[in-house]
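[1] Here's a sequence, model it:
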Amino acid sequence: MDTQGLQAFCAVAELGSFSKAGQKLFLTQPAISKRVANLEQQLNCQLFDRIGRKIQLTEAGQLLLPKARGILQAVADSQRAIDDLGGQVRGRLTIATSHHIGLHRLPPLLKAYARQFPQVDLKLCFMDSERAYEEVAQGEHDLAVVTLAPEAVAQITSEAWWRDELVFTCAADHPLAQQAAPELATLSGFDAILPDTNTYTTALIQRLFDEARANLHISMTTQSLDTIKMMVSIGLGWSLLPTTLLSDELVRIAPRDAKPIIRTLGCIRHTQRSTSNAAVAFLTLCRQQLS
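    Numbering: from 1, shown residues only. The predicted structure follows:
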């Protein structure tokens, strides 16, 4: 049983698509299909039910998935241990991060790290913070720099690096811009543009409105805060954005019955995954730079 087949199988199982699995592994769809077919032949069983466009794990596939993840994790840990034997900082370092943090927080840290440790093969994977938690828990990344979950998550250890204040904002010609200190109930009468409703950020905002017994009317959602900024700046609605994204075309709103909303950004790791020399060096550098 080869690890390439297991890797392809896990990717298809997690993404529910052969084409998406190919994109993730930088392979063509036929190549992914062939690897899964070879694995099914080796095991003498079918791993997926293909019903129309839907792909579901068979009973055998459900049994294999956690074991396959464990095998791949053990192989990766072994490779890291071998790479670290000489005490050198090298090998691959995989970091998951959100687009906002990757664009506005990480660049100086990554630049310093790449200069100091040129032998490290640094790989960045951009995704939602919620998905990053799932993939770190599955052992797919060495670490992630994301919006931290409001509560502890099993098998994940975290450390806070930044406090990220979110402020209410709208375009200069938006009706809310003319009100000095509106109530949250007033904002309920206008469209909000926010991240997806299942994100930690929007959950914080929803809780604020719930506590004020005000309705939150979300007209559009997107995971890109830069896209939200653009849509707000042309008057399509109001939003909450990090202070780092405020600019001249946006007006800050200060609802008098709203408590400050602060996200905590930081780093997460799997509690049971060995930490490679490359990951230790990255964490050490970041702690020094941010202290």
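[2] ranges for the helices of the stretch 101-250 of the chain?
    107-116, 129-137, 184-187, 200-211, 225-233 (DSSP state H, counting those that start in this stretch).
[3] looking at those helices, which is closest to residue 79?
    Among the helices of the stretch 101-250 of the chain, helix 129-137 comes nearest to residue 79, with 18.0 Å by CB to CB. Just so you know, the C-beta spots here come from the backbone N, C-alpha and C atoms, and that holds for glycine as well.
[4] which parts of that closest one are buried?
    129, 130, 132, 133, 135, 136, 137 (16 or more other CB atoms under 10 Å).
[5] May I have the helix or strand that contains residue 281 exported as PDB, CA atoms only?
    Using DSSP states H and E, residue 281 sits within helix 277-290. Taking Å, rounded to 0.1, in the frame of the first residue of the first chain, the C-alpha atoms of helix 277-290 are listed here in PDB:
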ATOM      1  CA  ASN A 277      13.100  22.400  13.600                       C
ATOM      2  CA  ALA A 278      11.600  24.500  10.900                       C
ATOM      3  CA  ALA A 279       8.400  25.100  12.900                       C
ATOM      4  CA  VAL A 280      10.300  25.800  16.100                       C
ATOM      5  CA  ALA A 281      12.400  28.400  14.300                       C
ATOM      6  CA  PHE A 282       9.300  30.000  12.900                       C
ATOM      7  CA  LEU A 283       7.600  30.200  16.200                       C
ATOM      8  CA  THR A 284      10.800  31.600  17.900                       C
ATOM      9  CA  LEU A 285      11.300  34.200  15.300                       C
ATOM     10  CA  CYS A 286       7.600  35.400  15.400                       C
ATOM     11  CA  ARG A 287       7.700  35.600  19.200                       C
ATOM     12  CA  GLN A 288      10.800  37.700  19.100                       C
ATOM     13  CA  GLN A 289       9.500  40.000  16.400                       C
ATOM     14  CA  LEU A 290       6.100  40.500  18.200                       C
END
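[6] name the helices or strands packed onto the helix-or-strand element of the chain with minimal mean pLDDT?
    One helix or strand of the chain scores below all others by mean pLDDT, DSSP states H and E: helix 59-84, with a mean of 83. Packing contacts for helix 59-84, counted by 3 or more CB pairs under 8 Å, 6 or more residues apart in numbering; DSSP states H and E, involve helix 3-15, strand 91-97.
[7] Out of the helices of the stretch 101-250 of the chain, the one nearest residue 31 is which?
    helix 129-137 (22.0 Å).
[8] Tell me which residues are up against the closest one.
    96-98, 125, 127, 141, 143-144, 146-149, 153-156, 198-200, 268-270 (CB atoms under 8 Å, 6 or more residues apart in numbering).
[9] could the buried residues of helix 129-137 go into a markdown table alongside distance to residue 111 and pLDDT?
    Supplementary listing: the buried residues of helix 129-137 in a markdown table, determined by distance: CB to CB, whole Å; pLDDT from 0 to 100:
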| residue | distance to residue 111 | pLDDT |
| --- | --- | --- |
| 129 | 23 | 92 |
| 130 | 27 | 91 |
| 132 | 21 | 94 |
| 133 | 26 | 94 |
| 135 | 25 | 91 |
| 136 | 23 | 93 |
| 137 | 29 | 91 |
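[10] Can you say which two of the residues you listed are spatially most distant?
    The widest separation within these (CB to CB) is 12.8 Å, between 129 and 137.
[11] one step back: drop anything exposed from the contacts of helix 129-137.
    Using 16+ other CB under 10 Å, the buried ones in those are 96-98, 125, 127, 141, 143-144, 146-149, 153, 156, 199-200, 268-270.
[12] Can you lay out the helices and strands packed on helix 59-84 as JSON lines showing mean pLDDT and distance to residue 291?
    Output for these, formatted as JSON lines (pLDDT from 0 to 100; distance: least, CB to CB, whole Å):
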{"stretch": "helix 3-15", "mean pLDDT": "90", "distance to residue 291": "37"}
{"stretch": "strand 91-97", "mean pLDDT": "92", "distance to residue 291": "20"}
